[in-house]
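Trainee: Could you look at this predicted model? Sequence included:
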Amino acid sequence: MTTLRLVLGDQLSDSISSLNGCDRAQDIVLMCEVWDEATYVKHHKKKIAFLFSAMRHFCESLKRQDYEVEYTKIDDPHNAGSFKAEVKRAVAKHAIDRIIVTSPGEYRVLQDIQQWHVDLGIEVEIRTDDRFLCSQEAFTDWAQNRKQLRMEYFYREMRRKYRVLMHENEPVGGQWNYDAENRKPPKGDLHVPPPYLGQVDEITQGVLETVAARFANHFGDLEPFYFAVTRDEALKVLNRFIQQRLPSFGDYQDAMIEGEPWMYHSHISFYLNCGLLLPLECVRAAEEAYEQGQAPLNAVEGFIRQIIGWREYVRAIYWFKMPFYAEANFFEAARPLPSFYWTAHTRMNCLHQCVSETRENAYAHHIQRLMVLGNFTLLAGIDPKYVNAWFLAVYADAYEWVELPNVSGMILFADGGYLASKPYAAGGSYINKMSDYCKSCSYKVTRKNGPDACPFNYLYWDFLDRNRDKLRSNHRIGMMYQTYDRMSDEKKHAIRDDSQKFLDSME
Ligand code: FAD
Ligand code: DLZ
Ligand code: SF4
């Protein structure tokens, strides 16, 4: 019996379940670069190059381990353009009896694969993706009897289950969460270490030429290209983070500095999400750094919470709530995405910086995504479908399972409060406190109204006013209405007028 084992572009792990029990003398592993995946949103050029190069390197490493790999490049004249069509071609070519694939990261791909046994007339086994630490069944057990889901309680369960930072049955240090010690503004002379810069080898060079030729009209700078594209290199990125950045990760987790896109973050999401790194090894590396006195508890706990807390939580919610989640639009927001999300041409310096860095790196750190890029789309009432399409296209770590809950749940509150207890709406003073962007902005962050006022200031109040019916009873944001209601009619009029003018000018 010959089995076709399909390995998708975000399944680049030796331990991927589709390879379990593989008969290397008989079975065929299929990997394919396909037009459909590269263009269903027009991904950033660097993202496509990263994934194609990582896939080609992974293919070489499988071959070195004696797997028989069928690999289709994007410019292969026989390339059929989609997963299903490529599988069909391989089935015919190799007289395949059954297909094994690990469950994909995106709902639309799973829907497709679930039909293949009918469409292709062949047995298809879809295996669990056990690289994630919380299975759908475990999440359902945890979630089903709760009135409200909160990440913090989920996270504590994960700490207990995997015995991470635990001392007997108590959290190390006596607290579960050290955020009160984190999130300092970027004051003083910070010396941010340089990021990992990978070398372009022959494989990557070939990919860069292909992407430049075939995806010229996609967003983003292709070069310089410096991502890790093999597991060994990804491990170097992780180790470099643990040694150089982790000690300050907690302190400056929310800080933004002009010209410092990488700050003290780990930059491992690209590698975690395509399988070159595994979540538990990143967590254990951080835990060990704490145990050896190389990094403080506030930093280590904060980092670990992002991985076994947020990352697992958003993925579980995605599968729990699809397909509804993709349609959710609690505020009925309907505006198109302004063109400066692509061009960076805006007088708002915070947005100019974050879009420019996204264009250069296919990366922005969490607070840039949440409190600048995301916050603006929430306040301006941009339709979630445009916001999701943008976030899915522009970041090299973006796959729908992680992008959609962060965008529709965390920033847009489009799910009405399932994932987050309140919208992360903020005026300019938050950005001013956590960054140096306002210093060189042509708007004045201290002005609340008028042509020079920071647009975040009046848009914040206008957003609350527009959505009063939906937010008034929210216990975490509802009290802001008392402040709004105490404002004079003249002030309220100015807020409405400035917001209307600004939003109209965007269109
Ligand atoms: P660090 O800050 O060093 O964090 C360590 C790791 O924790 C990350 O690599 C990531 O795996 C995990 N993590 C941290 N926060 C989250 C989170 N909220 N959800 C899931 N995992 C998290 N992350 C993606 O991986 N892909 C996305 O498409 C994505 N889209 C986002 C969109 C918005 C609007 C927001 C607010 C957040 C988004 N995130 C996304 C989460 C987070 O911003 C990125 O994981 C992080 O910036 C990646 O950089 P890093 O590896 O340096 O992370
Ligand atoms: C993101 C992406 C891109 C750009 N291209 C490919 C590809 O050509 N071949 C492939 O196997 N995977 C690609 N991917 C990742 C897939 O979109 C991802 O595997 C699915 O969305 C399922 O999560
Ligand atoms: Fe952004 Fe407002 Fe600061 Fe300008 S003044 S950088 S628009 S927050």
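Mentor: Cool, got the structure. Ligands and ions are numbered 1, 2, ... in the order given.
Trainee: element containing Phe50, please.
Mentor: helix 45-64 (DSSP states H and E).
Trainee: in that helix, what's buried?
Mentor: 45-59, 61-62 (16 or more other Cβ atoms under 10 Å). The way it works is simple: take the backbone N, C-alpha and C, and place the C-beta from them, glycine included.
Trainee: Tell me how far it lies from the chain's centre.
Mentor: Offset of helix 45-64 from its chain centre (Cα atoms, centre = their mean, to the nearest Å): 20 Å.
Trainee: okay, now the closest residue to ligand 2 within the stretch 151-300 of the chain: neighbour count?
Mentor: Per Cβ to the nearest ligand atom, Cys274 is where the stretch 151-300 of the chain lies closest to ligand 2, at 7.7 Å. The tally of other residues near Cys274 (other Cβ atoms under 10 Å) stands at 25.
Trainee: List the backbone torsions phi and psi for the closest residue in space to it that isn't next to it in sequence.
Mentor: Closest residue in space to Cys274, ignoring its immediate chain neighbours: Asp10 at 4.6 Å, by Cβ to Cβ, 6 or more residues apart in numbering. Per-residue torsions, Asp10: phi -110, psi 30 (degrees, to the nearest 10).
Trainee: what comes up buried for stretch 457-469?
Mentor: In stretch 457-469, counting by 16+ other Cβ under 10 Å, buried: 457-467.
Trainee: Please list the residues of the stretch 301-450 of the chain that sit near ligand 2.
Mentor: Residues of the stretch 301-450 of the chain that fall close to ligand 2, judged by Cβ under 6 Å from any ligand atom: Tyr399.
Trainee: rewinding a little: I figured the residue nearest to Cys274 hits Gly275, correct?
Mentor: Yes - contact criterion Cβ atoms under 8 Å: Asp10 and Gly275 qualify, at 6.2 Å.
Trainee: Any idea how many residues pack against the closest residue to ligand 1 within the stretch 101-250 of the chain?
Mentor: Nearest residue of the stretch 101-250 of the chain to ligand 1 (Cβ to the nearest ligand atom) works out as Phe249 at 6.8 Å. Here the number of neighbours of Phe249 (other Cβ under 10 Å) works out to 24.
Trainee: which residues does it contact?
Mentor: 264-266, 295, 299, 302-303 (Cβ atoms under 8 Å, 6 or more residues apart in numbering).
Trainee: now those in CSV, with secondary structure and neighbour count?
Mentor: Shown next, in CSV, are the contacts of Phe249 (DSSP: H, G, I helix; E, B strand; the rest coil; neighbours: other Cβ atoms under 10 Å):
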residue, secondary structure, neighbour count
Tyr264, coil, 23
His265, coil, 22
Ser266, coil, 23
Ala295, coil, 23
Ala299, helix, 25
Gly302, helix, 23
Phe303, helix, 28
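Trainee: now the strands for this protein?
Mentor: In the chain, the strands defined using DSSP state E lie at 3-6, 28-32, 69-72, 98-102, 123-127, 166-167, 170-171.
Trainee: wait, which of those is closest to ligand 3?
Mentor: With Cβ to the nearest ligand atom, the closest approach to ligand 3 among those belongs to strand 170-171: 36.2 Å.
Trainee: Go ahead and name everything in contact with the closest one.
Mentor: Applying Cβ under 8 Å, 6+ apart, the contact partners of strand 170-171 are 156, 159, 165.
Trainee: Restricted to helices, list those residues.
Mentor: 156, 159 (DSSP state H).
Trainee: Kindly give a single ChimeraX line that selects the buried subset of the contacts of strand 170-171.
Mentor: Of those, the buried ones can be selected in ChimeraX as follows, counting by 16+ other Cβ under 10 Å:
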select :159,165
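Trainee: Generate CSV for the contacts of strand 170-171, with distance to His365 as supplementary columns.
Mentor: Formatted as CSV, these follow (distance: Cβ to Cβ, whole Å):
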residue, distance to His365
Arg156, 25
Arg159, 24
Leu165, 23
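Trainee: Reformat the contacts of strand 170-171 as TSV; add distance to ligand 1 and pLDDT.
Mentor: Putting the contacts of strand 170-171 into TSV (distance: Cβ to the nearest ligand atom, whole Å; pLDDT from 0 to 100) gives the following:
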residue	distance to ligand 1	pLDDT
Arg156	17	97
Arg159	15	98
Leu165	15	98
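Trainee: Can you tell me the closest non-neighbouring residue to Ile96?
Mentor: Leaving aside its sequence neighbours, Ile96 sits nearest to Leu4 (Cβ to Cβ, 6+ apart; 4.4 Å).
Trainee: can you tell me which residues contact that neighbour?
Mentor: 27-28, 30, 87, 90-91, 94, 96, 98-100.
Trainee: pLDDT score for it?
Mentor: According to the prediction, Leu4 has pLDDT 98.
Trainee: just checking, Pro104 touches Gln111?
Mentor: No - Pro104 is beyond contact range of Gln111, at 9.6 Å (criterion: Cβ under 8 Å).
Trainee: Comparing these two, which shows the higher neighbour count?
Mentor: Set Pro104 next to Gln111 and count neighbours by other Cβ under 10 Å: Pro104 wins out with 23 against 12.
Trainee: and Gln11, how far is that from ligand 1?
Mentor: Distance of Gln11 to ligand 1, given as Cβ to the nearest ligand atom, to the nearest Å: 16 Å.
Trainee: What does the pLDDT read for that residue?
Mentor: Looking at Gln11, its pLDDT is 98.
Trainee: Any idea how many residues pack against it?
Mentor: 23.
Trainee: Likewise for the one 10 residues further on?
Mentor: By the other Cβ under 10 Å criterion, the neighbourhood of Gly21 contains 10 residues.
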